[in-house]
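**Student:** need a structure here:
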Amino acid sequence: MRIAIVSLAAAAAAVLATPALANETRVETRGGVIWNNGDTEAIAGIAAGYDYDLGDKFFAGVQGSADKVLTSNTRVTWGVGGRVGAKVLPTTKAYALASWQSKSCRYCNSAVGVGGGLQQDLGSRYFVKAEYQHLLVGDNTPDADLGLVGLGVKF
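**Tutor:** Purely as a prediction, here's the structure:
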């Protein structure tokens with residue numbers, strides 16, 4: 001049930017992102033760690049998204065991603081989601097996010113991620129970001145947590 005509620009929240013965030021006030025396209029490479037029940041593994045991936053201005057202070061965006069837990073017997077996890085947030089400084093964005101992610105292994109379950117992050121511009125085209133997600137797995141599988149840092153470019 002909680003996965004359905006979070007999925008609806010992600011869909012609502014994507015619907016709010018209307019193209020009338022387009023802001024920027026972004027592409028990033030990212031890495032970090034994923035952990036649950038005392039087990040920690042490295043993860044690496046890429047993401048691309050589009051943010052829409054919602055006035056001077058707020059924004060909403062959509063994003064797609066491909067991430068891989070850096071161990072054997074895992075698959076690339078494909079993700080789609082959205083984020084909403086505020087421009088807390090002219091070069092800093094704080095946001096909440098929700099996403100759906102495909103299975104990371106043959107017998108694993110897909111997951112819904114909820115979390116937040118900070119994105120800091122480095123000049124007019126580049127940015128760095130730090131992000132946390134709690135992955136709601138379901139089907140009596142333990143939830144997981146994900147910490148990511150990214151480096152990207154805006155268009």
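**Student:** contacts and neighbour counts: CA atoms only from here.
**Tutor:** Will do.
**Student:** for residue 145, see how far away the residue lying closest to residue 126 once chain neighbours are set aside is.
**Tutor:** Of all residues not flanking residue 126 in the chain, residue 153 sits nearest, at 4.4 Å (CA to CA, 6 or more residues apart in numbering). As for residue 153, its distance to residue 145 is 26 Å (criterion: CA to CA, to the nearest Å).
**Student:** can you check residue 74 too?
**Tutor:** Per CA to CA, residue 74 is found 17 Å from residue 145.
**Student:** the two: who's more crowded?
**Tutor:** Legend: neighbour count by other CA atoms under 10 Å for residue 74 and residue 145, higher for residue 145 (18 against 14).
**Student:** and the more buried one, what pLDDT?
**Tutor:** Note for residue 145: predicted pLDDT of 96.
**Student:** pairing partners for the helix or strand containing it, with directions?
**Tutor:** Secondary structure here is read from DSSP states H and E; on that basis residue 145 sits in strand 144-154. Strand 144-154 has the following strand partners under DSSP bridges: strand 22-36 (antiparallel), strand 126-136 (antiparallel).
**Student:** give me the phi and psi for residue 73.
**Tutor:** Backbone geometry at residue 73, expressed as degrees, to the nearest 10, gives phi 60, psi 30.
**Student:** look at the residue lying closest to it once chain neighbours are set aside and give its secondary structure.
**Tutor:** The shortest distance from residue 73 to any non-neighbouring residue, by CA to CA, 6+ apart, is to residue 105 (6.6 Å). Reducing the assignment to helix, strand or coil with DSSP: H, G, I helix; E, B strand; the rest coil, the entry for residue 105 is coil.
**Student:** backbone phi and psi for residue 105, please?
**Tutor:** For residue 105, the backbone dihedrals (degrees, to the nearest 10) come out as phi -150, psi 170.
**Student:** check residue 55 too.
**Tutor:** Listed backbone geometry of residue 55 is phi 90, psi -160, with angles given as degrees, to the nearest 10.
**Student:** just residue 90 next, same as before
**Tutor:** Summarising the backbone geometry of residue 90 under the convention degrees, to the nearest 10, its torsions are phi -60, psi -20.
**Student:** the bottom helix or strand of the protein by mean pLDDT?
**Tutor:** Ranked by mean pLDDT, DSSP states H and E, the weakest helix or strand in the chain is helix 2-16, scoring a mean of 46.
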